[in-house]
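**Student:** Next comes the sequence, and after it the predicted model I'd like to discuss.
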Amino acid sequence: MRFLLDQFMDHLVLERGLSDNTRQAYGRDLSEFLNFLARRGRSSIQAVPRRDIIDFLMEGKQKGLAASSLARRLVAIRVFFRHLSQEGLLAANVADALESPRLWKILPPTLSVAEVDRLLGAPDPSRPRGLRDRAILETFYATGLRVSELASLTLESLHGDAGYIRCVGKGDKERVVPIGRRALAAVQEWIERGRPVFAQKAPPEERTVFLSSRGRPLSRVVLWRDIRGYAVQAGIRKTISPHMLRHSFATHLLANGASLRIIQEMLGHADIATTQIYTHVDQGRLQSVHQKFHPRA
């Protein structure tokens, strides 16, 4: 079964065009699944019943995994089994009939507008690092970028005159995202006053927008750690992450009347069903729309 997994991972690299992060996540999930099967004494993929998949997911739930992580595990297993079936390596695809957990029922954690204001005001703009971090927070909230997308932004991806940025998301898909004037002003101030200080230690060809004090691109771990530090400084007790700013971006847009389809485009979701989780965050707005437009409300 390990050989089949290695073959599948090669398939993801060569044919599916998935992002590195998605491939690594699939690899981890499937490796844990194979370990689970080994503990049950399954020596062949043909001997795996549907019950094993359900029990594997239940084990993850008992360990406290989030529903989104469980959903990703199931997606990885379904894609793996479908590949084996298409290659003639699996007689019966027992995973095909399993439904993914309904993620739209899970309310993503978000910040209030007041909490966002406090968070964005936490960095000290009198120092280069403060200029950088203020620009990072403003960009996260203004664009809804994933942490990997923000970390990989280059100077060429910024189009300040036109008010948008270009980013590369999952599956190496490029998209255009508007950026508000406040965020753009913060980024421009960082580039003009802060980045040259940090770029002194960078190679001349380095074009990444957000640099560390050593002149290197910032890692996702550093971005995560810094944002949590500013949340504490701002008196926000929620366990914050870059993804929470992404959720807040989408939720606040929806609450102020933005189209779900437009939000889907800005977030880079391939399927609008993924974006629909946000329709369950602001029930008050949906009720007001219903009362306003339905003839018998």
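**Tutor:** In hand now; what should we look at? Residues are numbered from 1 along each chain as shown.
**Student:** Any stretches of the stretch 101-250 of the chain with poor pLDDT?
**Tutor:** Residue ranges of the stretch 101-250 of the chain with pLDDT under 70: 101-108.
**Student:** all strands for it, in order.
**Tutor:** With DSSP state E, counting those that start in this stretch, the ranges of strands along the stretch 101-250 of the chain come out as 158-159, 164-168, 174-178.
**Student:** Out of those, indicate the one that is most buried.
**Tutor:** For these, the largest average neighbour count (mean count of other CB atoms under 10 Å) is found in strand 164-168, namely a mean of 19. For glycine as for every other residue, the C-beta is placed from the backbone atoms N, C-alpha and C.
**Student:** And that one, what does it pack against?
**Tutor:** Applying 3 or more CB pairs under 8 Å, 6 or more residues apart in numbering; DSSP states H and E, one finds that strand 164-168 makes contact with helix 147-151, strand 158-159, strand 174-178.
**Student:** Tabulate the strands of the stretch 101-250 of the chain in a markdown table, adding columns for distance to residue 118.
**Tutor:** Shown next, in a markdown table, are those (distance: least, CB to CB, whole Å):
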| stretch | distance to residue 118 |
| --- | --- |
| strand 158-159 | 26 |
| strand 164-168 | 25 |
| strand 174-178 | 24 |
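**Student:** among the ones you listed, which is nearest residue 111?
**Tutor:** Of all those, strand 174-178 sits nearest to residue 111, with 19.5 Å by CB to CB.
**Student:** Need the nearest residue in space to residue 115, chain neighbours excluded.
**Tutor:** Closest residue to residue 115 apart from its sequence neighbours, by CB to CB, 6 or more residues apart in numbering: residue 236 at 5.4 Å.
**Student:** about what we covered before: and of the helices and strands packed on strand 164-168, who's closest to residue 211?
**Tutor:** Checking the helices and strands packed on strand 164-168 against residue 211 by CB to CB gives helix 147-151 as the closest, at 10.6 Å.
**Student:** what's the spacing between that closest one and its chain's center?
**Tutor:** Mean-position distance between helix 147-151 and its chain equals 9 Å (CA atoms, centre = their mean, to the nearest Å).
**Student:** contact partners of that helix?
**Tutor:** For helix 147-151, the external contacting residues (CB atoms under 8 Å, 6 or more residues apart in numbering) are 19, 21, 136, 139-140, 143, 167-169, 208, 210, 217-220, 223-224, 242-243, 268.
**Student:** can we see that at 7 Å?
**Tutor:** With contact meaning CB atoms under 7 Å, 6 or more residues apart in numbering, helix 147-151 is reached by 21, 136, 139-140, 167-169, 210, 217-220, 223-224, 242.
**Student:** Which members of these are classed as buried?
**Tutor:** Among these, those buried by neighbour count (16 or more other CB atoms under 10 Å) are 136, 139, 140, 167, 168, 169, 210, 217, 218, 223, 242.
**Student:** Dump the residues you listed to TSV, plus distance to residue 32.
**Tutor:** Shown next, in TSV, are these (distance: CB to CB, whole Å):
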residue	distance to residue 32
136	33
139	34
140	30
167	31
168	29
169	26
210	33
217	30
218	29
223	26
242	25
